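[1] give the three-dimensional model of this entry:
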Amino acid sequence: MTIAQIELQSFFLALLAAVLGFISAAAVDVIKDWNTRRRMRGALYREIGEMYGTLRWAVRTLNKPENTWYDLSSIFKILQVILRADTYTNVKTQPVSTFGIKDFQTISSVYILFSSFSFHLQNFGVNSEAFEGNTDDQISKLSSACEKVIDTVEGAIVDLDKQLLLAVSAGSGAQKELKELFKKVEKANT
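    Below you'll find the predicted structure:
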């Protein structure tokens with residue numbers, strides 16, 4: 001073998017190593033992005049399940065006859081915290097990852113519905129002065145507002161991946177609420 005052949009063989013070997021290195025790096029990035037999007041989607045679904053379950057809990061609790069101003073104030077504070085949509089806000093700041101999330105448009109529509117209700121809650125004016133002597137009326141208004149949001153949100157939730165939504169809600173009160181929703185939808189479709 002001549003020196004020229006050895007140098008040519010070394011050149012092709014180096015070129016092959018560079019190409020394989022580039023392909024490997026690209027594959028790792030694709031896998032990493034896919035995994036990030038998968039985790040983000042799961043976190044979004046978990047948050048949607050929590051928000052839905054909390055709204056259903058709030059309606060059940062608000063409709064109990066023994067509610068007091070303290071109960072209403074506590075429920076209101078819980079709703080304000082759960083409806084902040086921290087996960088969605090965080091995910092939206094990473095547009096490269098959100099672009100590839102399966103069904104992100106549907107997820108966004110669910111969040112828009114929750115967000116509009118959250119805005120409504122901020123304007124609801126729940127404070128100690130607002131409830132003195134008027135608790136029943138305020139409870140009724142808040143319960144009615146929650147029920148309207150639930151009805152609207154359910155239409156969007158059923159368009160999400162049912163298995164994923166139930167899986168990420170496992171062990172929470174939201175899973176029971178979601179199962180009831182899916183049973184209701186199945187019954188209506190038969």
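[2] make it CA atoms for all contacts and neighbour counts henceforth
    Will do.
[3] let me see the contact set for the residue nearest to the spatial centre of the chain.
    Nearest to the mean C-alpha position of the chain, by Cα atoms, centre = their mean, lies L44 at 2.8 Å. Counting by Cα atoms under 8 Å, 6 or more residues apart in numbering, L44 touches 87-88, 107.
[4] and these, which is closest to S115?
    Y88 (10.5 Å; Cα to Cα).
[5] that closest one: neighbour count?
    Burial measure for Y88: 20 neighbouring residues, criterion other Cα atoms under 10 Å.
[6] can you name every helix or strand that the host helix or strand of it contacts?
    Assigned by DSSP states H and E, Y88 belongs to helix 86-92. Here helix 86-92 touches helix 3-62, helix 95-99, going by 3 or more Cα pairs under 8 Å, 6 or more residues apart in numbering; DSSP states H and E.
[7] need the ones you listed in CSV with distance to K141, can you?
    As requested, those are exported to CSV (distance: least, Cα to Cα, whole Å):
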stretch, distance to K141
helix 3-62, 10
helix 95-99, 36
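[8] going by mean pLDDT, which of the ones you listed comes out lowest?
    Among the helices and strands packed on helix 86-92, helix 95-99 carries the lowest mean pLDDT, at a mean of 67.
[9] so how far is stretch 105-125 off the chain centroid?
    12 Å (Cα atoms, centre = their mean, to the nearest Å).
[10] sort out which residues of it are buried, please.
    With burial defined by 16 or more other Cα atoms under 10 Å, the residues of stretch 105-125 counted as buried are 107, 110-111, 114, 117-118, 121.
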